[in-house]
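Novice: I would like to see how this sequence folds:
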Amino acid sequence: PRGMKINEVTNAVHIVEDPTSCLYENERRGSQLKYIAAETLYYFAGRRDLEFIKKYAAFWEQIANEDATVNSAYGNLIFTEVNKAGVTQWDWAFQSLVKDKDTRQAILLFNKPDYQYFGNKDVICTLNGVFNIRDNRLHLTVNMRSNDAILGTPTDIAFFALLQMQMCKILKEEAYPELELGRLTHIANSYHIYERHFTLAAEMVAKQFKPVN
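Specialist: Here you go, the predicted structure:
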């Protein structure tokens with residue numbers, strides 16, 4: 001893609017049985033804790049400005065809009081923007097689960113038609129997330145059109161796991177006291193490693209991955 005060599009698996013599925021264990025140590029490259037912390041603050045604040053997040057990763061400047069905003073501001077998409085009824089996507093998902101424990105409508109949409117134009121440098125990678133309560137466990141399934149195994153997956157899974165934990169916590173407090181945390185299923189249509197990371201990936205796999213609690 002775009003003249004760059006990759007190794008790719010299509011329709012890759014990651015199943016995280018314990019979303020509370022979504023960070024890891026690795027002698028070559030572990031979870032980028034400082035960046036994950038900054039991104040978490042950025043997302044949960046519902047911001048989409050470049051100014052804050054660019055301090056922690058330069059790549060945001062490469063994909064920013066001319067007005068110094070970014071499209072892939074997941075928190076802004078689900079916590080700040082409202083629909084025609086004045087409801088955020090987070091509230092929609094939460095209320096759907098409260099009203100019907102078996103609902104199949106508790107969805108979060110990330111990639112929108114508004115971003116489907118040529119010249120857009122930030123075509124959002126995440127398509128949607130779907131919450132389900134089954135057997136008294138809250139599950140989250142995330143669908144992505146594209147996921148970089150080195151730079152994307154570790155931070156994406158950390159955020160979505162936290163999102164799932166947050167939803168579970170609120171539902172326990174407000175509606176279902178016996179609710180437990182379920183699986184996080186992360187699906188990527190294109191799961192890939194760029195050539196510049198081939199050696200790094202091989203070196204990481206050669207080292208032990210240890211969970212961070």
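Novice: What segments of this structure are strands?
Specialist: 6-16, 23-25, 107-109, 126-134, 137-144, 147-148, 180-194, 210-212 (DSSP state E).
Novice: what's the distance between the residue nearest the centre of the chain and residue 147?
Specialist: The centroid of the chain falls nearest to residue 156 when counting by C-alpha atoms, centre = their mean (3.7 Å). Distance check for residue 156 against residue 147: by C-beta to C-beta, to the nearest Å, it reads 7 Å. For the C-beta atoms, the positions are set from N, CA and C on the backbone; glycine is no exception.
Novice: and what of residue 49?
Specialist: 25 Å.
Novice: next one: residue 46
Specialist: Relative to residue 147, residue 46 is positioned 23 Å away (C-beta to C-beta).
Novice: The two: who's more crowded?
Specialist: Applying other C-beta atoms under 10 Å to residue 46 and residue 147 shows that residue 147 carries more neighbours, namely 23 against 17.
Novice: which residues touch the more buried one?
Specialist: 12, 125, 153, 156, 186, 188, 190-192 (C-beta atoms under 8 Å, 6 or more residues apart in numbering).
Novice: out of these, who's nearest residue 24?
Specialist: Closest approach between the contacts of residue 147 and residue 24, by C-beta to C-beta: residue 153, at 11.4 Å.
Novice: ok, how many other residues are close to the closest one?
Specialist: The tally of other residues near residue 153 (other C-beta under 10 Å) stands at 17.
Novice: do the same with residue 176
Specialist: Residue 176 has 16 neighbours, counted by other C-beta under 10 Å.
Novice: Not counting its neighbours along the chain, what's nearest it?
Specialist: Among residues not flanking residue 176 along the chain, residue 101 sits closest, at 7.0 Å (C-beta to C-beta, 6 or more residues apart in numbering).
Novice: For residue 183, see how far away that neighbour is.
Specialist: Going from residue 101 to residue 183 by C-beta to C-beta gives 17 Å.
Novice: now residue 213
Specialist: In this view, residue 213 and residue 183 are 19 Å apart by C-beta to C-beta.
Novice: so where's the longest helix in this protein?
Specialist: Ranked by residue count, the top helix of the chain under DSSP state H comes out as helix 153-174.
Novice: Okay, buried residues for it please.
Specialist: 153-165, 167-168, 171 (16 or more other C-beta atoms under 10 Å).
Novice: try stretch 183-199
Specialist: For stretch 183-199, by 16+ other C-beta under 10 Å, it's 183-194, 197.
Novice: Restrict it to CA atoms and write it as PDB.
Specialist: C-alpha atoms of stretch 183-199 as PDB (Å, rounded to 0.1, in the frame of the first residue of the first chain):
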ATOM      1  CA  ARG A 183     -14.100 -10.900  26.400                       C
ATOM      2  CA  LEU A 184     -12.700  -8.200  24.200                       C
ATOM      3  CA  THR A 185     -12.700  -9.300  20.600                       C
ATOM      4  CA  HIS A 186     -10.500  -7.200  18.200                       C
ATOM      5  CA  ILE A 187     -11.000  -7.900  14.500                       C
ATOM      6  CA  ALA A 188      -8.800  -6.300  11.800                       C
ATOM      7  CA  ASN A 189      -9.600  -6.600   8.100                       C
ATOM      8  CA  SER A 190      -5.900  -5.700   7.400                       C
ATOM      9  CA  TYR A 191      -3.600  -6.700  10.200                       C
ATOM     10  CA  HIS A 192      -0.100  -5.800   9.100                       C
ATOM     11  CA  ILE A 193       3.600  -4.900   9.800                       C
ATOM     12  CA  TYR A 194       5.500  -2.400   7.700                       C
ATOM     13  CA  GLU A 195       8.900  -3.300   6.300                       C
ATOM     14  CA  ARG A 196      10.600  -0.800   8.600                       C
ATOM     15  CA  HIS A 197       9.400  -2.900  11.500                       C
ATOM     16  CA  PHE A 198      10.200  -6.400  10.200                       C
ATOM     17  CA  THR A 199      13.400  -6.600  12.300                       C
END
